[in-house]
Each structure stands twice: as structure tokens, then as C-alpha cells.
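Visitor: Give me the fold of what follows.
(one chain, ligands or ions: 2)
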Amino acid sequence: MSILENLNIEQRKAAERVEGPLLILAGAGSGKTRTVTFRIAHMVLEKGISPYKILAVTFTNKAAREMKERVEGLIGEEAKRVMVSTFHSFGVRLLRMYGSKLGYDSNFNIYDADDQKRLVKNIMKDIGITDKNTTPARVVSAISKLKEEGITPEEYAADSRGFLESYRTVSAVYSKYNVALKNNNAMDFSDILVNTNKLMDDLEIREKIQERYQYIMVDEYQDTNKIQYEIVNKIAAKYENLCVVGDEDQSIYGFRGANIQNILDFEKDYPNAFVIKLEQNYRSTENILEAANHVIKNNESSRGKNLWTDKKGGQPISIIEAKDGREEAYFILQEINALKNQGYNYKDLTILYRTNAQSRAFEELFIKFGIAHKIFGGMQFYQRAEIKDIIAYMNVINNPKDSLSLMRILNVPKRKIGPATINKFREYAEANEMSLFEALGHTDDIKLGPALKITITEFYNGMMSLMEEAEYMPVSEIFTEILTTFRYKSYLEGIGDDRVEERLENVEELRNSITEREKNAEDLTLGEYLENISLVSATDDMEESKDYIKLMTIHNSKGLEFPVVFIAGMEDEVFPSQKADFDTGQLEEERRLCYVAITRAEKTLYICHANERFVYGQSQYRSRSRFLEEIPPHLLESKTKIEKPVQKKKPSASKGVENFNPFKKKVVGSADLNLPYSVNDRVTHKKFGLGIVRNANEKTVEVEFTAGKKKFLTAAIDKFIQKA
Ligand SMILES: Nc1ncnc2c1ncn2[C@@H]1O[C@H](COP(=O)(O)OP(=O)(O)OP(=O)(O)O)[C@@H](O)[C@H]1O
Ligand SMILES: [Mg+2]
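Guide: Ligands and ions are numbered 1, 2, ... in the order given. Here you go, the predicted model:
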């Protein structure tokens, strides 16, 4: 029996056709990703194609991991040799091998948005730009856009629009920014793609890559940008064994340069392409699917599809109308409780929203009631200052040319190395054509006070010996060495504000995550580790088995599916966002986003909206989203107004929400307080173990552990302790 018995006829046709250009164009939940997965397995197991020759490109790390695991489940160990990867990881891999052709050392570092901003800020300061109308963040996004459109600094400078101040600013920074990256032996995210594409223009390398990856598959092709498109098509040019998979109705990354035309023009690019349409949706009930179809058919960009499902009928879509955002979150929480009573687990439930900021209301409520949840995206762990500090140490150890990271840590912990001193070294480095780090080794040539000279030499020697050790030390050891050599923890403790404990916890969390990664990847090198964490994305650490409610933006939910979905904030000017007001292109993109959101749901879908929202501290009236009006009323069911509960007695976190009343004013200082913990509650702490709450008020919670009493700030308590 063929492995392809697990596919329907159309899917099987697609999977069987392994030679030549192939387009799988099909709506949500029709098994596109599944088809790719089985296609790979079929190629290796039943067609005898070497796994080594196969490249499958996915949109996220999570998707890559899952595809690899599934293929492994089907064909075993051989699957490990298939290259399943995102564009960025794939690019980095090639650039580590061939980047020297473009003037990079193989240990280049990868800069994230925060690094980019800092670099731009430094450059603006260096060249004395006083443009008040722009910010480093805006300059960064302008530069990224230019890079991905393939416009060089020179071309941009020659551009006639240069008379506007903001253009002049971008133009002045752009070339300096590129030079700085190169000098630092670093690439930003756009560079990874741009440089990978450049590699493909080297005949020798291109031929090598073409020979190596003779079979290419790209999932979510509708969201590729110009450069990704070029990379894929250059590799595929020789054998033309290119299978692209996607849905024009799910192109939602236009703001990052995704070009829907890439998928729509595939048949023009490859006139001999074979096209497969999948029409059975396996994910959702008929009601959900019908709602999605009704919304998307309003888009000019949609080619129209006949998706059907054999999951006839299904529950109507529940509409929840709330007074304001707070009430919306509360109503959703009540529904969650009801679903829980019906036997659902938290892990079946997902809340989707248009922007990350909308997660706040839910987070606050869930923390208050001890409801297990996890927010994907938003402020990332690796963006926290203390984490960035330690990573900056690692970056310099891995790549001493990385002056941006070096400048971050030269005076962290405080060593009295001020900007004037740093400038002396920068000038010396420039004059002598060496890196800033190298210059630190030349303290004799630079005018310095004796104390400063000792400090800098100490720092330099400390780093030098770590660089030597890093060759053979596990990453977790390097981490420990950094903390001890540079007394980083004492520095954090010395800051002395109310976030000290939190920062120390974060550092420990970083240690745990390193150890965790080492468990999964033996002989993890510092370079590999840094690469992994530079390429993290929002959904990487989603674990299907963990029982928590998932919260994320619709963008991050792409390709995923969940039994129960709540779409929150379904109001005009939230979703579709204001940007769509006067721009039909934007409106269509928002509508595609709505289509993606609806089609994530398997069984139950809630659409929620509030009549009032706070925007910049002001309450504004909101009407329900026009997308909601596009769903035929017979598919909808208004949730009868949920009874506003009366608060009878002091609420207790462990008992859920039945007796919590968000509409009643808080009476501070009375027994009526909605505190997350009360006296005698049993709690656990990662480090101190089991404890008992001895005192709890609005500001602090005091817990007795075997190790003694500890105080925590009530506002931040969930970061430290949990109910036992
Ligand atoms: N032939 C099939 N038999 C059984 N289940 C299937 C079949 N095809 C797809 N499915 C299931 O349907 C669901 C949706 O499949 P998949 O995620 O591959 O769809 P998709 O087209 O990639 O969706 P999206 O457009 O959201 O990325 C999955 O749970 C998948 O296992
Ligand atoms: Mg998919």
C-alpha cells in the first residue's frame, strides 16, 4: 500500500507528480501542507529520491519542525537529511558556507530590529543628524524596505525625491549602515535574503546549489516577497522541479513586501506547470467554512473557490457583544469557563486578535484568576535588556568584530568607561583599520588614566580568555563564565529597583533555556546557539500537549488550526484597521486576514466586539466590523447577554470567575480586594520550592519558604510564584 493512500485523489495527484513545475492552489484547511509532507515521504520512500536533494521551505520554524517530525514519522531517520527550513535559516546556512565570497566571515552575527535601531541611532549621532521628523525605527524600516526591493544606497541617493529631509536622512544613514554591518561582520534580516540571492548570481555556487537541491517545495508561497521569489526561482531554474503551494486568499504579509502576484503568475513563469486545486476542507464545520467563503468573496483579488466539507452544519458562530474591551475579555473568560465545564481543555482554546496590544486585557484577567495561558509574540524574551546584555557578550565572543555588541557591554556592568573613552578607541580603531575590540588591546597607544587602563585591560583579557575557551566549552559553561568573570549578577542586584528579582529570574530562565537546547542538540556550539535565537519567531515554543489557552495575533496563527477560536476586537478601525479606510488594497489585505482568522477554527468560533474602546487613553465609540456584516445572519447566533454576576463574598482565585464582578468599583483597602493570593495559600517558586503565603496586600505578597520569608510585588507576582 502506498503511503499516498492517506491522501484524497486530488492531493495524491499532486504528491505523485514529483517532476516538473507544480502549483497547488487551494483554500484554507484543504490539506496543502499535509500534501507537501506526504509528497516528501513519497519521494524518498517510494521514488527512491535521495532526501539530500530535497528542499522544503516553510513560513515559520514551527512549521518546519512539524513537517520534519511528520516526515520522520512516515519514513524514519532518512527524513533528517531532508532540508526543511524557513527562507532565513536556509539562507544563513548557505551564507555560513559561501559568505566569504561576499566578504563575510562564517561566524557573522545576526542583528535583530533592536540592534538595527541602535546601530542607526549611533550613526545618526555620529554624523550629526538633527532631523526631528524621523526616528531610528522609521529609518530602519525604510532601509529594510529599500534592501528588499533591491535598491542600493547609491541608487537611492540619486533618487530625485532626495530633496525631502526624511529622504536625505535615510540616504545619509543607509550607506553608512551597510558599511557598519559589514565591518561588524553582521547581517540584518534583509541582508540574509539579499545576500543569499546574491550568492545565486555566482555561477559556480548556483550550479552547486542547483545540483544539491533538485526538488524544491515552498509552502505559503502567496507570502513570498520579491527576493524570496528570486532565490527559489534561481535554484529551480535548472531542473524545474518546483512545487509551490498556497492560497491567494491568505496573503497577509504585504506590509513586509509579500507579493501576491508571485503565486498568481506561477503559470506565466512556468507555462508547462501542472495545476492542482484542492476543494475539500478537512478542518472546519460547514458553518465556519461558509462564513469564511462569504467574507472572502468580497475581494477582487480572490479567484473564487468551491471549498466544501463533509462536516455538515455545525454550531452557529457565536457573536459576543460587549460594552468595552474589559467586558469583552470578561465575557470571553466566562465562555471559557463554560467550555471547560463542557469538557474542553484550555489547550483547545485560542484567542486571536489584530494587534499584540490587545493581549493586555486578557493577560490581566487570566493572571488574576490563575488561568493557564500563553501569549505568543509581543515583547519577546530575548528583547529584555538583561538578556540582550548577556547575548551581547556572547556575540562578541563569537565574533570579535561585532562592535555594536561590544559597545553595549563595554560599560555594562559599570566600569567607568564613558563615551569619551569609547570614542578614543573608536578613532584609534578606524585610523589603524582594526576592530574596536582589537583596539582595546592597544591601551599603551591611547591616552588613558592608569585606573582606566587597568579596567580596560582586565575586560580585554577576560574576553580574550573566554574567546579561547569558547572553542571547546558548552554554551551553558560560557554563560556561567560570563556571569562570574564580569560579575553580572552583582551588577543587576546593585540596580536596586523593584525589578531586580525579575531580572535575576530572567537570567536564570536564560540559563534554563540554554540547558534545554543543549539537551536537544548535542555539541551545540556558541555560533549555532546564537543563530538559533536570532531566528526565533513567535510560535516557536508552542507545545500542543501543554494545557494552556493560546493567545496570538492572526498573523502568527497562519497555517495553524484550533478546535475553538475566539476572534476578539471585531470592530471597524481595529479590524479592519484604520489603514484600510481609504485604501482598497489595504482593505482587501485585512479581509484576507479575516479569512485566515475564521478558517483557523475547527468546531467552534466566537466573534467578539465591543461598543467602546480606549484609544490613547480616550474612550471611543466603535461599530462592529464590516467583515461581520458580510457573514449571512443565518450562520450567526448572538450570545444572550451573559448575566452580570453579583459579587457576594470575597472572590478567590482558585474558584474561577463565578463570583467576580468586573463592573463593581474596587474598594481599596477593604476585604473586598481582588487579590491573586490570600493568607495561607500554598504556592511554589522555581528556586525556593513550596511556600505559604503569610501576608498579602495590594502592594506585596509575603511568602514563607524553608529558606526564609520572601516578599514579592503583587503586580508582578505571577512571574515568580504559582499556586501549589
Ligand atoms: N486527505 C486527508 N485525510 C484526512 N485529513 C486530512 C486530509 N487532508 C487534510 N487533512 C487534515 O486537514 C487539516 C488541514 O490540513 P492542512 O493544514 O494541511 O491544510 P492547509 O491547506 O495547509 O491549510 P492552511 O491553508 O490553513 O495552511 C489537517 O488537520 C490535516 O491533517
Ligand atoms: Mg498549510
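Visitor: Send me the host helix or strand of E211 as PDB with only the CA atoms.
Guide: Element membership of E211, judged by DSSP states H and E, is helix 203-212. Only the C-alpha atoms of helix 203-212 are listed here, as PDB (Å, rounded to 0.1, in the frame of the first residue of the first chain):
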ATOM      1  CA  LEU A 203      27.700  30.800 -11.300                       C
ATOM      2  CA  GLU A 204      29.800  28.200  -9.500                       C
ATOM      3  CA  ILE A 205      27.700  28.400  -6.400                       C
ATOM      4  CA  ARG A 206      24.400  28.500  -8.200                       C
ATOM      5  CA  GLU A 207      25.300  25.300 -10.000                       C
ATOM      6  CA  LYS A 208      26.300  23.600  -6.800                       C
ATOM      7  CA  ILE A 209      23.000  24.600  -5.100                       C
ATOM      8  CA  GLN A 210      21.000  23.600  -8.200                       C
ATOM      9  CA  GLU A 211      22.600  20.200  -8.200                       C
ATOM     10  CA  ARG A 212      22.200  19.800  -4.500                       C
END
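Visitor: so where's the stretch 501-650 of the chain uncertain?
Guide: Scanning the stretch 501-650 of the chain for pLDDT under 70 picks out the ranges 616-617, 640-650.
Visitor: can you map out the strands along it?
Guide: 549-553, 562-567, 601-615, 618-621, 636-638 (DSSP state E, counting those that start in this stretch).
Visitor: and the gap between the residue sitting furthest away from the middle of the chain and T457?
Guide: Each residue of the chain has a distance to the centre, and by C-alpha atoms, centre = their mean the biggest one is for P450: 46.5 Å. Counting by C-beta to C-beta, to the nearest Å, the gap from P450 to T457 is 11 Å. To be clear about C-beta, it is placed using only N, CA and C from the backbone, and glycine gets the same treatment.
Visitor: now swap in I263 and tell me
Guide: 58 Å.
Visitor: quick one, which of those two is more surrounded?
Guide: Comparing I263 with T457 by other C-beta atoms under 10 Å, the one with more neighbours is I263, at 25 against 15.
Visitor: hmm, the helix or strand containing the more buried one touching ligand 1?
Guide: Counting by DSSP H and E, the element that carries I263 is helix 261-264. No - counting by C-beta under 6 Å from any ligand atom, ligand 1 has no neighbours in helix 261-264; the shortest distance is 12.4 Å.
Visitor: mind listing what the residue in the stretch 451-600 of the chain positioned nearest to ligand 1 touches?
Guide: In the stretch 451-600 of the chain, the residue that lies nearest ligand 1 is G559 (4.3 Å; C-beta to the nearest ligand atom). By C-beta atoms under 8 Å, 6 or more residues apart in numbering, G559 lies in contact with 33, 59-60, 63, 219-220.
Visitor: Now the worst-scoring helix or strand of the chain on mean pLDDT: buried residues?
Guide: The weakest-scoring helix or strand in the chain, judged by mean pLDDT, DSSP states H and E, is strand 708-713 (a mean of 76). Across strand 708-713, burial judged by 16 or more other C-beta atoms under 10 Å covers 710, 712.
Visitor: Quick check: which helices or strands does it pack against?
Guide: Judged by 3 or more C-beta pairs under 8 Å, 6 or more residues apart in numbering; DSSP states H and E, the packing partners of strand 708-713 are strand 700-705.
Visitor: let's go with 10 Å and repeat that
Guide: helix 500-520, strand 682-685, strand 689-696, strand 700-705 (3 or more C-beta pairs under 10 Å, 6 or more residues apart in numbering; DSSP states H and E).
Visitor: low-confidence ranges in the protein?
Guide: In the chain, residues with pLDDT under 70: 160-163, 616-617, 640-675, 698-699, 715-716, 719.
Visitor: Which residue would be the closest one in it to ligand 2?
Guide: T33 (3.3 Å; C-beta to the ion).
Visitor: Just to check, that residue is in contact with V218?
Guide: No - taking C-beta atoms under 10 Å as the definition, T33 is not a contact partner of V218, at 11.5 Å.
Visitor: helix/strand/coil for the residue lying closest to L410 once chain neighbours are set aside?
Guide: Of all residues not flanking L410 in the chain, I417 sits nearest, at 5.0 Å (C-beta to C-beta, 6 or more residues apart in numbering). On the three-state scheme (DSSP: H, G, I helix; E, B strand; the rest coil), I417 is labelled coil.
Visitor: residue contacts, I417?
Guide: Shown in contact with I417 (C-beta atoms under 10 Å, 6 or more residues apart in numbering): 407, 409-411, 425, 440, 448, 452, 455-456, 459.
Visitor: Need the max-distance pair from the residues you listed.
Guide: Using C-beta to C-beta, the contacts of I417 span at most 18.6 Å, a distance reached by I409 and L448.
Visitor: Looking at these two, which has the bigger crowd around it?
Guide: Taking neighbours as other C-beta under 10 Å, I409 and L448 compare with I409 leading, 23 against 18.
Visitor: Can you tell me the closest non-neighbouring residue to that one?
Guide: Take I409 and drop its neighbours on the chain: the residue closest to it by C-beta to C-beta, 6+ apart is A392, 4.9 Å away.
Visitor: wait, doesn't that neighbour sit right on R408?
Guide: Yes - using C-beta under 10 Å, A392 is in contact with R408, at 4.3 Å.
Visitor: Just the closest residue of the stretch 201-350 of the chain to ligand 1, please.
Guide: Counting by C-beta to the nearest ligand atom, the stretch 201-350 of the chain gets nearest ligand 1 through Y282, at 3.2 Å.
Visitor: buried set for stretch 363-383?
Guide: Neighbour-count burial for stretch 363-383 [16+ other C-beta under 10 Å]: 363, 365-371, 373-378.
Visitor: ugh, typo on my part, it should be stretch 589-603
Guide: For stretch 589-603, a neighbour-count test (16+ other C-beta under 10 Å) marks 589-603 as buried.
Visitor: Can I get that stretch in PDB? Just the C-alpha atoms.
Guide: Only the C-alpha atoms of stretch 589-603 are listed here, as PDB (Å, rounded to 0.1, in the frame of the first residue of the first chain):
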ATOM      1  CA  GLU A 589      -5.400  42.500   2.800                       C
ATOM      2  CA  GLU A 590      -7.400  43.000   6.000                       C
ATOM      3  CA  ARG A 591     -10.200  40.900   4.600                       C
ATOM      4  CA  ARG A 592      -7.700  38.100   3.800                       C
ATOM      5  CA  LEU A 593      -6.600  38.300   7.300                       C
ATOM      6  CA  CYS A 594     -10.200  37.900   8.400                       C
ATOM      7  CA  TYR A 595     -10.400  34.800   6.200                       C
ATOM      8  CA  VAL A 596      -7.300  33.400   7.800                       C
ATOM      9  CA  ALA A 597      -8.800  34.000  11.300                       C
ATOM     10  CA  ILE A 598     -12.100  32.400  10.600                       C
ATOM     11  CA  THR A 599     -10.600  29.400   8.900                       C
ATOM     12  CA  ARG A 600      -8.300  28.600  11.900                       C
ATOM     13  CA  ALA A 601     -11.400  27.200  13.800                       C
ATOM     14  CA  GLU A 602     -12.400  23.600  13.600                       C
ATOM     15  CA  LYS A 603     -15.600  23.300  15.600                       C
END
